[in-house]
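Visitor: Please find the sequence and the predicted model below.
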There are 2 protein chains.
Amino acid sequence: MKKTLAHALAGALALSLAAAASAQVKPEDQIRFRQAGYSFMSWNMGKIKSNLEGTYNKDQVAAAANAIAGIANSGMGALYGPGTDKAIGNVKTRVKPEFFKEGDNVGKIAREFNAAANDLAKVAAGGDAAAVKTAFGKLGEACKACHDKYRMED
Amino acid sequence: MKKTLAHALAGALALSLAAAASAQVKPEDQIRFRQAGYSFMSWNMGKIKSNLEGTYNKDQVAAAANAIAGIANSGMGALYGPGTDKAIGNVKTRVKPEFFKEGDNVGKIAREFNAAANDLAKVAAGGDAAAVKTAFGKLGEACKACHDKYRMED
């Protein structure tokens, strides 16, 4: 119960940080920055996957999980400001219009994603590969929940 | 003294993680991922700068500093593997050839960058804006040390 509340608060915090930071960044840069964040997270997800499938390096997994959590907690909601719902010049986006209309559901998905990223970082610090595998799977599901609903196919 | 040693070890760790992870990622993706990392760090540097120049939000600064430190510690050296020293198709890079020939100096700069990023995260967690300003300035110098020497102008 305590844990659930902490996660909910972390999510709410991330969203409020997001709101505070959205004003200064141009829409096309918001798109670029959010894509950069997801891209860098995907590299680190790939490293964790490789470790789980091959030789497990605790330090590499912990570092990758910390990078993902750091990015997840940085208030990326601020990068979905007005005007970022479609391509701007040659800066394209795959986000679906529904993303901007379904705030409650997007918030829920974002909180679950943050919670899963924080759990993975915590578990990775401990170095138990089996526990990391479970936490990694949950984070993957949290990513997929948003991709399935709000990301256009290539 | 202890702190300096810890920083040196953190740098050495980052480089060894880097070596372990370089094999699996295609050169063009290495370039994309490293650019994503720097891009996302620059967004977070911008947020910290805005906070220092305007209203200071401790939570936003701490979150931004954690994102930067998480990325800095993720072993980005792995993203400078063979074949990533020049453009691959339309994936361009501004890294100078010297970067790949001056490993000792690059390693020194990387360790100083990591140390500065970790210091900023630590100081930001405390919430003392003046201390954050100092640590932020040092991190900016660490970024600049590499840009000045190893990054081509636009």
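Guide: Arrived safely.
Visitor: from here on, contacts and neighbour counts on C-alpha atoms
Guide: OK.
Visitor: and whatever helix or strand A:Phe40 lives in, what's its mean pLDDT?
Guide: Assigned by DSSP states H and E, A:Phe40 falls within helix A:27-53. The pLDDT scores in helix A:27-53 average 98.
Visitor: how distant is that helix from the center of its chain?
Guide: 8 Å (CA atoms, centre = their mean, to the nearest Å).
Visitor: which element follows it toward the C-terminus?
Guide: Proceeding N to C from helix A:27-53, the next assigned helix or strand is helix A:58-72, under DSSP H and E.
Visitor: Name the residues that touch that following helix?
Guide: Residues outside helix A:58-72 that contact it (CA atoms under 8 Å, 6 or more residues apart in numbering or on different chains): A:37, A:40-41, A:44-45, A:47-48, A:51, A:113-114, A:117-118, A:120-121, A:124-125, A:127, B:17, B:63-64, B:66-71, B:73-75.
Visitor: let's go with 7 Å and repeat that
Guide: With contact meaning CA atoms under 7 Å, 6 or more residues apart in numbering or on different chains, helix A:58-72 is reached by A:37, A:41, A:44, A:48, A:114, A:117-118, A:120-121, A:124-125, A:127, B:17, B:66-67, B:70-71, B:73-74.
Visitor: Can I get the buried part of those as one ChimeraX selection?
Guide: Buried subset of the contacts of helix A:58-72, written as a ChimeraX selection, criterion 16 or more other CA atoms under 10 Å in any protein chain shown:
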select /A:37,41,44,48,114,117,118,120,121,124,125,127 /B:17,66,67,70,71,73,74
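Visitor: re the thing from before, which of the residues in the helix holding A:Phe40 are classified as buried?
Guide: For helix A:27-53, the neighbour count (16+ other CA under 10 Å) marks A:27-41, A:43-52 as buried.
Visitor: when you check chain B, which of those residues turn up near it?
Guide: With CA under 7 Å from any CA of the partner chain as the criterion, the members of the buried residues of helix A:27-53 in contact with chain B are A:33, A:36-37, A:39-40, A:43, A:47.
Visitor: Adding distance to A:Asp104 as columns, could you present these in JSON lines?
Guide: Converted to JSON lines, those look like this (distance: CA to CA, whole Å):
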{"residue": "A:Phe33", "distance to A:Asp104": "23"}
{"residue": "A:Ala36", "distance to A:Asp104": "25"}
{"residue": "A:Gly37", "distance to A:Asp104": "22"}
{"residue": "A:Ser39", "distance to A:Asp104": "25"}
{"residue": "A:Phe40", "distance to A:Asp104": "26"}
{"residue": "A:Trp43", "distance to A:Asp104": "29"}
{"residue": "A:Lys47", "distance to A:Asp104": "32"}
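Visitor: and of the residues you listed, the nearest to chain B?
Guide: The closest of these to chain B turns out to be A:Ala36 (CA to the nearest CA; 4.2 Å).
Visitor: For chain A, which residues are neighbours of chain B?
Guide: Chain A has residues A:17, A:21, A:33, A:36-37, A:39-40, A:43, A:47, A:60, A:63-64, A:66-67, A:70-71, A:73-74 near chain B, with proximity defined as CA under 7 Å from any CA.
Visitor: Give me the phi and psi angles of the residue nearest to A:Glu98 when sequence neighbours are not counted.
Guide: Counting by CA to CA, 6 or more residues apart in numbering or on different chains, A:Glu98 lies nearest to A:Tyr150, which is 6.8 Å off, once chain neighbours are set aside. Per-residue torsions, A:Tyr150: phi -120, psi 0 (degrees, to the nearest 10).
Visitor: again, but for A:Arg151
Guide: phi -110, psi 130.
Visitor: cool, A:Val95 as well?
Guide: Torsion angles, degrees, to the nearest 10, at A:Val95: phi -70, psi 140.
Visitor: what do you get for A:Ile88?
Guide: When read as degrees, to the nearest 10, the backbone of A:Ile88 gives phi -120, psi 110.
Visitor: how close does it get to chain B?
Guide: Distance of A:Ile88 to chain B, computed by CA to the nearest CA, to the nearest Å: 18 Å.
Visitor: Enumerate every residue touching that residue.
Guide: With CA under 7 Å, 6+ apart, A:Ile88 has these contacts: A:Glu28.
Visitor: try it again with 10 Å
Guide: Neighbouring residues of A:Ile88 by CA atoms under 10 Å, 6 or more residues apart in numbering or on different chains: A:27-29, A:31.
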